[in-house]
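S.K.: This is a predicted model, with the sequence first.
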Amino acid sequence: DMVIYAPYPTITDYLIAGYVVRNSSSVYPLVGTQGSVTGYTRVEESSSDQNENGRNVHLFTGSSSNLMDAKQFPFPPMFNPDWQEGMEKAVYTQKKLTNDYAPVLTKSNFYNYLLRSSFVGDSSFLPIKGVKSSYNYYSYSYFLPQREIEIRNLGQPLPIWNMYAVATGRAWLAADTTITYSQVDGGAITEVKDMEYDGDNFQVKKIKTLSSKNELKEQFIKYPKDLGYHSSLSAQNKTALSAMLGRNEVSTPVMDSSVINGKPVSQNIAAYVVKGKQVVMQKQMNAIASEPFRDVLLVNTYDDQGNILNYKKYTESDVSVIWDYGRTMAIAKVINANTDSVAYTSFEADGTGNWTVNLSGRVSSNAFTGKYAYQLANGTISKNGLNAGKNYVVSYWTLNSAPFTIAGTQWPVLKTPSATSWT
């Protein structure tokens with residue numbers, strides 16, 4: 001394309017210059033703007049068709065409550081605004097009256113938003129460049145120095161770059177208000193909760209709760225980066241916190257403390273240790289008011305996937321946990337026994353729950369639970385690692401009318417009646 005310019009203010013001379021018009025358009029198809037997850041701004045929840053037992057009404061943020069309007073961009077949005085949507089704004093618990101509903105509880109949530117910014121002069125947006133047609137330059141090129149016009153005349157036209165703001169960021173819960181209504185006198189109790197976040201990872205560091213009785217409760221939460229100095233932690237525990245930071249495990253709470261009207265109420269600490277390639281919890285400690293810390297939970301054994309195998313609560317007996325389904329699910333819990341003394345299986349999973357079993361002996365023709373049972377004719381079942389000086393209880397379901405012979409049995413076999421053919 002060619003255009004004739006008359007250098008200002010002279011109109012007797014003119015300049016013929018070639019120029020290039022560059023246009024851009026979004027590669028984001030229009031149909032793509034409707035491809036977001038479908039959400040609802042109002043959801044009604046009830047346990048019966050006619051809401052005889054009352055209902056819960058949930059309100060959520062939606063497109064109408066977006067902080068930023070994508071229309072400011074010259075074509076369909078290059079960002080997904082879903083991060084602003086789907087957050088619960090309020091929930092109303094109501095009981096059913098004859099022709100209406102009466103409030104039981106109302107909770108309202110309030111959010112703060114952090115918008116990314118790398119643009120000096122605009123703290124609310126992350127800018128990107130958009131290419132526009134260069135005709136604007138040439139419409140006013142006679143105001144430019146002759147040198148710039150000559151550069152363009154040499155076949156080096158420059159496009160115009162405009163900055164367009166794209167809203168990106170995150171939202172977090174800043175406060176909530178809970179109102180509980182009396183069903184006797186119609187009065188109400190209000191509780192207002194405010195959250196404070198740290199400036200590094202935006203984790204909750206303080207929760208302040210004020211009740212209608214002017215009781216102020218403050219909860220302080222600390223994370224691995226905050227607790228390396230605490231006197232109740234051993235050198236092993238501090239090493240584990242450093243390892244967590246090295247793995248970017250920054251969001252695990254490791255301590256919380258509560259204060260009511262300025263007076264300390266309680267403190268809780270979770271102490272971690274390094275086990276092989278994993279960082280696992282060793283124990284939980286608690287202190288009431290200003291008393292010294294005491295151990296309230298000890299984790300004695302983990303497997304190589306980080307699952308707890310045995311733990312002990314303060315003043316209580318050991319608890320052993322059996323995992324199966326690829327050690328992703330706990331299938332049994334046994335109180336007052338260590339890990340080596342327990343076993344359980346229903347023959348459903350890929351594992352055998354600490355039993356030694358020939359899994360090819362499973363049958364699917366009849367089963368007490370699930371789909372499988374075990375045919376002892378296909379191989380015995382045994383348990384290794386038992387202490388010959390201790391007594392053990394063995395329980396099982398069988399279709400046999402007589403009990404099985406188990407080596408070392410010292411007491412009569414007890415038979416539990418059943419409504420099925422299994423006993």
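M.R.: On my side now, so go ahead.

S.K.: What count of nearby residues applies to the residue lying closest to residue 349 once chain neighbours are set aside?
M.R.: Sequence neighbours aside, residue 324 is the residue nearest to residue 349 in space, at 3.9 Å (criterion: C-beta to C-beta, 6 or more residues apart in numbering). The way it works is simple: take the backbone N, C-alpha and C, and place the C-beta from them, glycine included. Counted by other C-beta atoms under 10 Å, the residues lying close to residue 324 total 20.

S.K.: and what of the one 4 residues further on?
M.R.: The burial metric for residue 328, expressed as a neighbour count using other C-beta under 10 Å, is 10.

S.K.: where in this protein is pLDDT low?
M.R.: By pLDDT under 70, the low-scoring segments of the chain are 1-38, 63-82, 115-169, 228-229, 419.

S.K.: surely the residue nearest to residue 349 meets residue 347?
M.R.: No: contact criterion C-beta atoms under 8 Å: residue 324 and residue 347 do not qualify, at 10.5 Å.

S.K.: gap between the two ends of stretch 320-338?
M.R.: For stretch 320-338, the first-to-last residue distance is 6 Å (C-alpha to C-alpha, to the nearest Å).

S.K.: Now that stretch: buried residues?
M.R.: For stretch 320-338, the neighbour count (16 or more other C-beta atoms under 10 Å) marks 320-324, 327, 331-332, 334, 337-338 as buried.

S.K.: Export those as JSON lines, with columns for secondary structure.
M.R.: Compiled in JSON lines, these are given as follows (DSSP: H, G, I helix; E, B strand; the rest coil):
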{"residue": "320", "secondary structure": "strand"}
{"residue": "321", "secondary structure": "strand"}
{"residue": "322", "secondary structure": "strand"}
{"residue": "323", "secondary structure": "strand"}
{"residue": "324", "secondary structure": "strand"}
{"residue": "327", "secondary structure": "coil"}
{"residue": "331", "secondary structure": "strand"}
{"residue": "332", "secondary structure": "strand"}
{"residue": "334", "secondary structure": "strand"}
{"residue": "337", "secondary structure": "coil"}
{"residue": "338", "secondary structure": "coil"}
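
S.K.: who touches the residue nearest to residue 349 in this structure?
M.R.: Residues in contact with residue 324, defined by C-beta atoms under 8 Å, 6 or more residues apart in numbering, are 331, 345, 349-351, 353.

S.K.: what's the neighbour count on the closest residue to residue 250 other than its chain neighbours?
M.R.: Closest residue to residue 250 apart from its sequence neighbours, by C-beta to C-beta, 6+ apart: residue 201 at 4.9 Å. Using other C-beta under 10 Å, residue 201 is surrounded by 12 other residues.

S.K.: doesn't residue 226 make contact with residue 201?
M.R.: No: using C-beta under 8 Å as the test, residue 201 is too far from residue 226 to be in contact (10.8 Å).

S.K.: circling back to that earlier point, buried only: go through the contacts of residue 324 for me.
M.R.: For the contacts of residue 324, buried by 16+ other C-beta under 10 Å: 331, 345, 349, 351, 353.

S.K.: The stretch 301-423 of the chain: strands as residue ranges?
M.R.: Here the stretch 301-423 of the chain has its strands, by DSSP state E, counting those that start in this stretch, at 308-313, 318-324, 329-335, 362-363, 373-374.

S.K.: can you put those in TSV and add distance to residue 384?
M.R.: Listed next are the strands of the stretch 301-423 of the chain as TSV, based on distance: least, C-beta to C-beta, whole Å:
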stretch	distance to residue 384
strand 308-313	16
strand 318-324	15
strand 329-335	17
strand 362-363	20
strand 373-374	18
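
S.K.: can you map out the helices along the stretch 51-200 of the chain?
M.R.: 135-139, 146-153 (DSSP state H, counting those that start in this stretch).

S.K.: One more: the stretch 301-423 of the chain?
M.R.: Under DSSP H, counting those that start in this stretch, the stretch 301-423 of the chain gives no helices.

S.K.: ok so, going back, can the contacts of residue 324 go into CSV with extra columns for distance to residue 277?
M.R.: Listed next are these as CSV, based on distance: C-beta to C-beta, whole Å:
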residue, distance to residue 277
331, 25
345, 29
349, 25
350, 23
351, 22
353, 25
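
S.K.: before we move on, the earlier item: let me know the closest of the buried residues of stretch 320-338 to residue 364.
M.R.: Closest approach to residue 364 among those (C-beta to C-beta): residue 324, at 18.0 Å.

S.K.: Need the nearest residue in space to residue 403, chain neighbours excluded.
M.R.: Closest to residue 403 by C-beta to C-beta, 6+ apart is residue 413, at 4.2 Å.
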